[in-house]
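> Everything below, folded, please.
(2 chains, ligands or ions: 2)
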Protein chains: 2
Amino acid sequence: FHLTNGRHPQEFLNQKSNEWNLSLHNKEYATKMDEHDPIGDMRKHFHYPKLNDLPNVDKSRVNPDDECTYLCGQSLGLMPKRAENYVLSSMNDWAKIAVYGHFLGSNPWAKCDYPCIPQMSLLVGGHMKEVGVMNQLSTNLHFMMMSFYQPKGNRYKILYEERAFPSDQYAINSQIELRGYDPNESKVIVKSREGETYIRTKDILDVLKREGESIALILIGGVHYYTGQLFDIETITRAAHEQGCYIGWDLAHAVGNIPLKLHEWNVDFAVWCTYKYLNSGAGCIGGLFIHSNHFQSKLFKLNGWWGNRDSTRFAMADGKESVLIDTELGANGYRISNPSIHQCATLAASLEVFEEVGIEQLRSKSIILTQYLQYLLDTEINNDSVCTFKTLTPTDPRQRGAQISIRPNEITAQQLHDEMEKTGVVIDIRDDIIRIAPAPLYNSFYDVYKFITILKEAIITIRALRLKH
Amino acid sequence: FHLTNGRHPQEFLNQKSNEWNLSLHNKEYATKMDEHDPIGDMRKHFHYPKLNDLPNVDKSRVNPDDECTYLCGQSLGLMPKRAENYVLSSMNDWAKIAVYGHFLGSNPWAKCDYPCIPQMSLLVGGHMKEVGVMNQLSTNLHFMMMSFYQPKGNRYKILYEERAFPSDQYAINSQIELRGYDPNESKVIVKSREGETYIRTKDILDVLKREGESIALILIGGVHYYTGQLFDIETITRAAHEQGCYIGWDLAHAVGNIPLKLHEWNVDFAVWCTYKYLNSGAGCIGGLFIHSNHFQSKLFKLNGWWGNRDSTRFAMADGKESVLIDTELGANGYRISNPSIHQCATLAASLEVFEEVGIEQLRSKSIILTQYLQYLLDTEINNDSVCTFKTLTPTDPRQRGAQISIRPNEITAQQLHDEMEKTGVVIDIRDDIIRIAPAPLYNSFYDVYKFITILKEAIITIRALRLKH
Ligand SMILES: Cc1ncc(COP(=O)(O)O)c(C=O)c1O
Ligand SMILES: Cc1ncc(COP(=O)(O)O)c(C=O)c1O
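Residues are numbered from 1 along each chain as shown, chains lettered A, B, ... in the order given. Ligands and ions are numbered 1, 2, ... in the order given. This is a model prediction of the structure:
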């Protein structure tokens, strides 16, 4: 599943269809794609929920022993099977050697975040010292903004995208207030054009050209949680720097989903959570990136003992003020408290799965898989005889990750969601849109095929019910 | 083990000695105390490390199947046996129902911090709404200081105790800098008198009277991590308020160790970790208290989506600024990110053990147990024929928790520690002092007796070795 330079995934799909003499609409096409999927067997590393265990499933209509159709990895990733052993081995150390576990045992707790760094660095394209795992996303965002939001004179605004994740907006508002500015006058919100569903890069660049001098910080969701848009991080970052702005990215929906090159792109900082495409479990530890350009700078930061080197952690020379980011520690200089053995265990388990595949290979499959979803949505569903819907996500594969967001017309997202739930489809609904994300690590082409079949049936059922009333 | 009004625990110990006609120095005295210990069987709820599993144990000198002598609960609490099941049941939900686990399953993740609140509130003496579990100690300290450190005009200093925990000092320095003040000129450090090892309450009150008007915030470790001193939280809090200062307490070494009445004492805020006396595992989730007096006030705070009510979490009305602390949510309004299922599971398991005993009963035993330790230290060790040492901890039981800190003369703490380790005694060493903490939940009188016996042997061995050289 390799797409040579910029080849469109639809071409790839069509080519296979020709090769095999199988229509894209044919179930066998899906299963044959799965047979040829070089990473198809990664699915075995995950616990796949069974229909029998899920709520709202109509057991008269399904085989309860079947696996569900899980297309919700952008919300909460499935559990890697090895997570259990990782956690138990951490607990075994605790049980057996108690306080000695800080420095001995299967994964000494005092450094239990370190094993996560190499793979995490690969996933975000950062040097090892630029990447740390600590706290959670919104908390890390606050700590990063303490460093990178330094309004002064006429440069005091924060630019972000419309419908930024609520937590980010709360953080932005608080930080503006903290610095004594009026949030109502200190925010620049970039929007999609009238009638469009996502934001043009050009429009962001134009705003930056026009208002860049007033902007202290830019914060954008790398892959947008709502629309699924993948922003052009490199171009926007360059434009930000041309205007003298700092720029940070919320990568909650990007990490483990698309390849990132944060160092190369000169991103100032980034934050992310690990419970979505990274499959670490609800509320698990977050990650952050800070570019090595800033290691020597005098950025202010909030300190805690764990941001020190091991050797100076307990020292507190009188009169010692806030430490500059320690060049030896880099991103780890932002750690505040000691790492959580509970969280690092599942994260390490999950990252090990990524190690087997690599993000490039994942992305190759993902582009093809999501295009397959898009194609079937467009051809089988989005017409007057079934149900029209609006696609919010860019149709250009380079401008999206795994997820496609749609807003159905005529019937409601809730009706659709509820009807599909009965046959064991797990998708996400927010307001009047449905977000569908095939995760390339554990989703198959057959999952997508099945989803489309069930979706069609669901629409027909809903429409028939409505005619009856 | 009930001490009626202010009765000295030594009296209780002596009375038992008389009753049973057994000397306090007798091994049978210890085992008889254990037999009569009403909560002695709580030990069975914990994994007790075996000598065979510990490093540096000389296996020729001990029975490897024996349990170690663990007197290090003030550093890292032992693992409650039920923790494993709690974690596994959380993971089982994840495996079986994936994203549905947020609202369904054995302990719905979106609210997995809530089951910890009732017992936590009892432990700190706060109303349920005043208490939250989130983040970790130093992180919570930063978020609390964002609200409670609001320097203005001549009132800008932070008062704290000498040798405050390093992380607290880092936090204090950062916060002072954040507000644009010079840390060197903005700190008031209360100290013990020349030749004394702990700080007199009177001296704190005097400083407050003298310098109170310049002090914006007071932050003290409720039970001091180094000296073991238990401060008079109520009196100092009252004096702080008389001077118009806010006061917060670092309760890392106090929670689960001594009964607290934070609400009644009018404490403004407190923060704590849960991996010491609360036995939740290294790096587990922290707690915080904010007095209901402040629920209606306009304290600034840094916000995240989880500090909202469930119903408004996703809403982000444009122009909505930082939310006041929601009176419905109280302390939970300080939550930033979604709770960690990994951490809440072990904490809940541990708190369940406390529920069976109650902090009052624990404290009764603790006072007697630590006095027994003190008595044996004083009578069996601290003399010229064995080894003199300096006790840093107040000898008044009302001014200490479980821990006693000693600084040996003539031989080094490191020598002692290393020698005792060989026979499986687990104690904490920092600089030139040894910290010994019998945790009443899982330590017995026999543990203390054995500790003293081994300590004495160790000293004799070390001295003999030195004579030889
Ligand atoms: C008194 C005290 N304060 C603060 C801390 C820091 O805790 P954390 O790493 O959970 O922030 C500790 C840790 O041992 C402590 O003992
Ligand atoms: C885009 C985005 N940003 C931020 C968050 C907040 O995450 P946390 O609760 O880990 O701070 C989320 C959570 O879903 C998210 O999707």
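
> Next, see if the longest helix seen in chain A gets close to chain B.
Here the longest helix in chain A is taken by residue count, with DSSP state H as the criterion, and it is helix A:445-468. No - under the criterion of C-beta under 8 Å from any C-beta of the partner chain, helix A:445-468 makes no contact with chain B; the nearest approach is 13.8 Å. To be clear about C-beta, it is placed using only N, CA and C from the backbone, and glycine gets the same treatment.

> Let me see the mean pLDDT of that helix.
Taken as a whole, helix A:445-468 has an average pLDDT of 93.

> Can you verify my assumption that A:I233 contacts A:V267?
Yes - in this structure, A:I233 sits in contact with A:V267. The criterion is C-beta atoms under 8 Å, and the distance is 6.7 Å.

> So A:I429 belongs to a strand, correct?
Yes - counting by DSSP: H, G, I helix; E, B strand; the rest coil, one finds A:I429 located in a strand.

> ok, back up a step: report all helices and strands that the longest helix of chain A contacts.
Contact analysis of helix A:445-468 by 3 or more C-beta pairs under 8 Å, 6 or more residues apart in numbering or on different chains; DSSP states H and E lists helix A:27-36, strand A:69-70, helix A:359-376, helix A:413-421, strand A:425-426 as its packing neighbours.

> Compute the inter-axis angle for the first one and helix A:359-376.
For helix A:27-36 against helix A:359-376, the angle between stretch directions is 180 degrees (axes from the mean of the first three to the mean of the last three C-alpha atoms, to 10 degrees).

> could you give the angle of helix A:27-36 to helix A:445-468?
With the same axes, to 10 degrees as the basis, helix A:27-36 and helix A:445-468 are set at 150 degrees to each other.

> Could you list the buried residues of helix A:27-36?
A:29-30, A:32-34 (16 or more other C-beta atoms under 10 Å in any protein chain shown).

> Quick one: those as TSV, columns for pLDDT too.
Written out in TSV, the entries for the buried residues of helix A:27-36 read as follows (pLDDT from 0 to 100):
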residue	pLDDT
A:Y29	98
A:A30	98
A:K32	97
A:M33	97
A:D34	98
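
> can you tell me which two in those residues are farthest apart?
A:Y29 and A:D34 (9.9 Å; C-beta to C-beta).

> what does the host helix or strand of A:Q169 contact?
Of the helices and strands defined by DSSP states H and E, A:Q169 is found in helix A:166-178. Contact partners of helix A:166-178, identified using C-beta atoms under 8 Å, 6 or more residues apart in numbering or on different chains, comprise A:137-138, A:141-142, A:145-146, A:149, A:151, A:156, A:158, A:160, A:164, A:182-183, A:186-187, A:219, A:221, A:250, B:146, B:300-308, B:313-316, B:320-323, B:336-337.

> Which residue, neighbours along the chain excluded, lies closest to A:W305?
Taking C-beta to C-beta, 6 or more residues apart in numbering or on different chains, and ignoring the residues beside it in sequence, A:W305 has B:S167 as its nearest neighbour in space, at 3.6 Å.

> ok, which residues in the stretch 351-469 of chain A are in contact with chain B?
Contact residues of the stretch 351-469 of chain A with respect to chain B, defined by C-beta under 8 Å from any C-beta, are listed as A:426, A:428, A:430.

> Put the buried members of those residues into a ChimeraX selection.
In ChimeraX, selecting the buried portion of those, with burial taken from 16+ other C-beta under 10 Å, looks like this:
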select /A:426,428
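
> Quick check: end-to-end length of stretch A:368-383?
Distance between the two ends of stretch A:368-383: 23 Å, counting by C-alpha to C-alpha, to the nearest Å.

> So what touches that stretch?
Looking at stretch A:368-383 with C-beta under 8 Å, 6+ apart, the contacting residues turn out to be A:1, A:3, A:8-10, A:12-13, A:24-25, A:33, A:386-389, A:391, A:395, A:397, A:400-404, A:406, A:436, A:438, A:440, A:443, A:445, A:448-449, A:451-452, A:455-456, A:459.

> Nearest spatial neighbour of A:G256, chain-adjacent residues omitted?
Nearest non-adjacent residue to A:G256, counting by C-beta to C-beta, 6+ apart: A:Y277, 3.4 Å away.

> I'd guessed the one you found sits against A:N257; true?
Yes - in this structure, A:Y277 sits in contact with A:N257. The criterion is C-beta under 8 Å, and the distance is 4.6 Å.

> Need the overlap of contacts for these two.
Overlap between the neighbourhoods of A:Y277 and A:N257 consists of A:74, A:402, taking contacts as C-beta under 8 Å, 6+ apart.

> How many neighbouring residues does the closest residue to A:P438 other than its chain neighbours have?
Counting by C-beta to C-beta, 6+ apart, the nearest residue to A:P438 once its immediate chain neighbours are dropped is A:L369, at 4.9 Å. Residue crowding around A:L369 was assessed by other C-beta atoms under 10 Å in any protein chain shown; the count is 24.

> What of A:C245?
Using other C-beta under 10 Å as the criterion, A:C245 is surrounded by 24 other residues.

> any idea how far it is from B:G401?
Using C-beta to C-beta, to the nearest Å, A:C245 is found at 51 Å from B:G401.

> ok, now A:A83?
Shown here: A:A83 relative to B:G401, a distance of 37 Å by C-beta to C-beta.

> Please state the offset of the longest helix of chain A from the chain centre?
Its chain's C-alpha centre lies 28 Å from the corresponding centre of helix A:445-468 when counted by C-alpha atoms, centre = their mean, to the nearest Å.

> One more: stretch A:372-391?
With C-alpha atoms, centre = their mean as the basis, the distance from the averaged C-alpha position of stretch A:372-391 to the chain average is 25 Å.

> Give me the distance between the two termini of it.
15 Å.

> Buried residues of that stretch, list them for me.
By neighbour count with 16+ other C-beta under 10 Å, stretch A:372-391 contains the buried residues A:372-377, A:380-382, A:387, A:389, A:391.

> which of the residues you listed sit farthest apart?
In the buried residues of stretch A:372-391, the most distant members under the criterion C-beta to C-beta are A:Y372 and A:C387, with 19.5 Å between them.

> who's in contact with A:A239?
By C-beta under 8 Å, 6+ apart, A:A239 lies in contact with A:204-205, A:208-209.

> so it, which of the three states?
Following three-state DSSP, the label given to A:A239 is helix.

> on that earlier part again, and the buried residues of stretch A:372-391, which is closest to B:D53?
Ranked by distance to B:D53 (C-beta to C-beta), these are led by A:L373 at 51.5 Å.

> What does the pLDDT read for that closest one?
A:L373 is assigned a predicted lDDT (pLDDT) of 98.

> Chain neighbours aside, what residue packs nearest to it?
With C-beta to C-beta, 6+ apart, the residue lying closest to A:L373 is A:V448, at 4.9 Å.

> how about the residues of the stretch 351-469 of chain A next to chain B in CSV, adding distance to A:L122 and pLDDT?
Formatted as CSV, the entries for those read as follows, by distance: C-beta to C-beta, whole Å; pLDDT from 0 to 100:
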residue, distance to A:L122, pLDDT
A:V426, 29, 97
A:D428, 28, 95
A:R430, 31, 90
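
> Going by neighbour count, list what's buried in stretch A:209-221.
Under the neighbour-count criterion of 16+ other C-beta under 10 Å, stretch A:209-221 has A:212, A:214-221 buried.

> what two of these have the greatest distance between them?
Using C-beta to C-beta, the buried residues of stretch A:209-221 reach their maximum pairwise distance at A:S214 and A:G221, which is 21.9 Å.

> Please determine how far the spatially closest residue to A:L22 that is not a sequence neighbour is located from A:D37.
Leaving out its chain neighbours, the residue that sits closest to A:L22 by C-beta to C-beta, 6+ apart is A:Y29, at 4.3 Å. Going from A:Y29 to A:D37 by C-beta to C-beta gives 13 Å.
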